[in-house]
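got a sequence here, can you model it:
(2 chains)
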Protein chains: 2
Amino acid sequence: MPLPVTYADVAAAAKHLEGAAHRTPVLISTTANEMTGAQVFFKAENLQRMGAFKFRGAYNAIAKLSPEQRKRGVLAFSSGNHAQAIALSARLAGIAAVIVMPSDAPPLKLAATRGYGAEVITYDRMKEDREALAKKISDERGMTMIPPFDHPDVIAGQGTAAKELIEDAGPLDYLFVCLGGGGLTSGCAIAAHELAPNCKVIGVEPEAGNDVQQSFRKGEIVKIPVPVTIADGAQTQAPGLLTFAIIRELVSDIVTVSDPQLIEAMRFFVSRMKIVVEPTGCLAAAAVFNRLADIKGKRVGVIISGGNVDPAALGRWLA
Amino acid sequence: MPLPVTYADVAAAAKHLEGAAHRTPVLISTTANEMTGAQVFFKAENLQRMGAFKFRGAYNAIAKLSPEQRKRGVLAFSSGNHAQAIALSARLAGIAAVIVMPSDAPPLKLAATRGYGAEVITYDRMKEDREALAKKISDERGMTMIPPFDHPDVIAGQGTAAKELIEDAGPLDYLFVCLGGGGLTSGCAIAAHELAPNCKVIGVEPEAGNDVQQSFRKGEIVKIPVPVTIADGAQTQAPGLLTFAIIRELVSDIVTVSDPQLIEAMRFFVSRMKIVVEPTGCLAAAAVFNRLADIKGKRVGVIISGGNVDPAALGRWLA
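Okay, the predicted model is just below:
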């Protein structure tokens, strides 16, 4: 069965993103190399617009809308980076966006999403079903719903992160990717498969939320309860149909890291590399720092997926 | 009178630094542009090796030693970024380094400097004179003393930061530089004068430590008591002879910012730009965020000088 997204889609997404997304830097750290025995290249998507790789997929999906769809605008439900990515991308495209968020979402996130110009519609998490609400709004207004990961244009957009990394760092033996719903991992696997065919792609999940690892091992989608982890961007209960089809085919392994390992990585990023990385964004790095694969002497890519962490929470983790 | 450092020296330093220093990224932020009404280009020297621009000058000064001087090694007295810059540069050059530090320096800094392979000699701040001690060691061992800022090779090395910024960002109308002893400001002024002749260079000091501003206005070096400010890299009491000669000639103005303005800038960097910047490293940005010059509609360069802040202290500032 052909995969639902090809490298040509990733390359086309890269064209759409030119001049819109930042080409984020690839960072290296002698200390990280000494710690791991490998040569590590960090793709700093925390320095991407709105602070996460999510901008890539959202912007690409919006760029591919028809004129008719653009007139009616887009809709997303998310309390995380996807919300802000859609809000910002819609603003840049000059189209309307509605974001459905729980009424008890952090005020900072509600404000940030509104700050990007989106209409925020809140719902009561205890009483209302967000998907039904989103569908109702989408039906009433004719808005196009853009899902956070299980969408070909979103996956293709996320893959541009690995494309840039390999172009800038050169060939890799390993590529570690933060893994939630699988949009970033599947997109990056497609790019790596084309640009560095011998590169092993490893998805990294939080220990408590290993839905993709379980699915990967079983060969079919496994759904788990909402995981409890500080990696709030990886609290998915199951991979998507499209992302899982790609991951099965192109990913070498899925490993997990614990919350304390994420905090340790976050502290390393602040104290040694001077960058702010959210817990979810530390997944791939934590696997490398704890040498969860045979990386000695190897050229290893790491995607740092985002940096949107509440400063007060970061302060507590650093204290 | 010809200036003690020329653009040719900066260009030569750039050659020495090739492959040794990181070419740090130039970051942009839509939010920062909206806040200031300008187009701001941040040169992220916090992402430089050992976390600060100081590596540039230290490495260049060591690269220019004679074979005889290399055999005997180098010496520096500093409890800050210069210490680590000399320690790391000496290790890379394969030569001995002695760093003279106060015995009550933060254990983290003592450890980091030793970690880079330098011999650390401590002294009692209350009883011993560090310059006399350093001179004694230098005389006994024949080591070359490398001062933190008032040295042509150090100044030329620091200037490469502005050279890269202008090469990557294009011509600038303004360049704001963090100002302590003046090594970075004078070096960057030389580079800007050559590469963007119409660019106004503005040095930014802490309000409490405006020794260079006073000197600049009076036209002669003014010495002040040790200033009390969180910008610990800018607690100099007077500019150097060489740095002041260059600053007088090539810098347009010197402005100051308060400690609360530095903290505000630090929080902006963490929450919006996802980078860790030490208080001293926020000087130039704080001046821009508070629009201390007529930057509206202008192309503005900002040097972020470093990111070496104690994570616990950072945590407190963020909380």
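
A:Leu110 - how many residues pack around it?
Number of residues near A:Leu110 (other C-beta atoms under 10 Å in any protein chain shown) recorded here: 19. Glycine gets a C-beta too; all of them are placed from N, C-alpha and C.

strands along the stretch 151-300 of chain A, start to end?
Assigned by DSSP state E, counting those that start in this stretch, the stretch 151-300 of chain A shows strands spanning A:174-178, A:200-206, A:253-257, A:299-304.

now the farthest one out in chain A, which residue is it?
No residue in chain A sits farther from the centre than A:Glu140, which is 29.7 Å out by C-alpha atoms, centre = their mean.

what distance do you get for that residue to A:Ala97?
Distance of A:Glu140 to A:Ala97, given as C-beta to C-beta, to the nearest Å: 15 Å.

now do the residue farthest from the centre of chain A, the pLDDT please.
You'll see A:Glu140 listed with a pLDDT of 93.

tell me which stretches of the stretch 1-150 of chain A form helices.
For the stretch 1-150 of chain A, applying DSSP state H, counting those that start in this stretch gives helices covering A:7-17, A:30-36, A:54-63, A:67-72, A:81-93, A:107-115, A:130-141.

typo on my end, the stretch 151-300 of chain A
A:152-169, A:183-195, A:211-218, A:241-250, A:259-268, A:283-289.

and the second one, what does it pack against?
When contacts are defined as 3 or more C-beta pairs under 8 Å, 6 or more residues apart in numbering or on different chains; DSSP states H and E, helix A:183-195 sits against helix A:7-17, helix A:152-169, strand A:174-178, strand A:200-206, helix A:241-250.

closest to chain B out of the ones you listed?
Chain B sits nearest to helix A:152-169 of all the helices and strands packed on helix A:183-195, at 11.1 Å, using C-beta to the nearest C-beta.

could you export that closest one as PDB, CA atoms only?
Provided in PDB are the C-alpha atoms of helix A:152-169 (Å, rounded to 0.1, in the frame of the first residue of the first chain):
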ATOM      1  CA  PRO A 152      -1.500  14.700   4.900                       C
ATOM      2  CA  ASP A 153      -0.700  18.400   4.700                       C
ATOM      3  CA  VAL A 154       0.000  18.700   8.400                       C
ATOM      4  CA  ILE A 155       2.300  15.600   8.200                       C
ATOM      5  CA  ALA A 156       4.100  17.000   5.100                       C
ATOM      6  CA  GLY A 157       4.600  20.300   6.800                       C
ATOM      7  CA  GLN A 158       6.200  18.800   9.900                       C
ATOM      8  CA  GLY A 159       8.500  16.800   7.700                       C
ATOM      9  CA  THR A 160      10.200  20.000   6.600                       C
ATOM     10  CA  ALA A 161      11.900  20.100  10.000                       C
ATOM     11  CA  ALA A 162      13.900  17.000   9.200                       C
ATOM     12  CA  LYS A 163      14.500  18.100   5.700                       C
ATOM     13  CA  GLU A 164      16.200  21.300   6.900                       C
ATOM     14  CA  LEU A 165      18.100  19.400   9.600                       C
ATOM     15  CA  ILE A 166      19.600  16.900   7.200                       C
ATOM     16  CA  GLU A 167      20.400  19.600   4.600                       C
ATOM     17  CA  ASP A 168      22.200  21.700   7.200                       C
ATOM     18  CA  ALA A 169      23.900  19.000   9.300                       C
END
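
run the angle between it and helix A:7-17 for me.
80 degrees (axes from the mean of the first three to the mean of the last three C-alpha atoms, to 10 degrees).

centre of the chain to helix A:152-169, how far?
Distance of helix A:152-169 from its chain centroid, counting by C-alpha atoms, centre = their mean, to the nearest Å, is 11 Å.

same for it, what does it pack against?
Counting contacts by 3+ C-beta pairs under 8 Å, 6+ apart, helix A:152-169 is packed against helix A:7-17, strand A:26-27, strand A:39-44, helix A:54-63, strand A:174-178, helix A:183-195, helix A:241-250, strand A:299-304.

pull out the buried positions in the first one.
Residues of helix A:7-17 classed as buried under the neighbour-count rule (16 or more other C-beta atoms under 10 Å in any protein chain shown) are A:7, A:9-10, A:12-14, A:16-17.

now do stretch A:77-96
A:77-90, A:92-93, A:95-96.

so where's the stretch 201-319 of chain A uncertain?
Within the stretch 201-319 of chain A, no stretch has pLDDT under 70.
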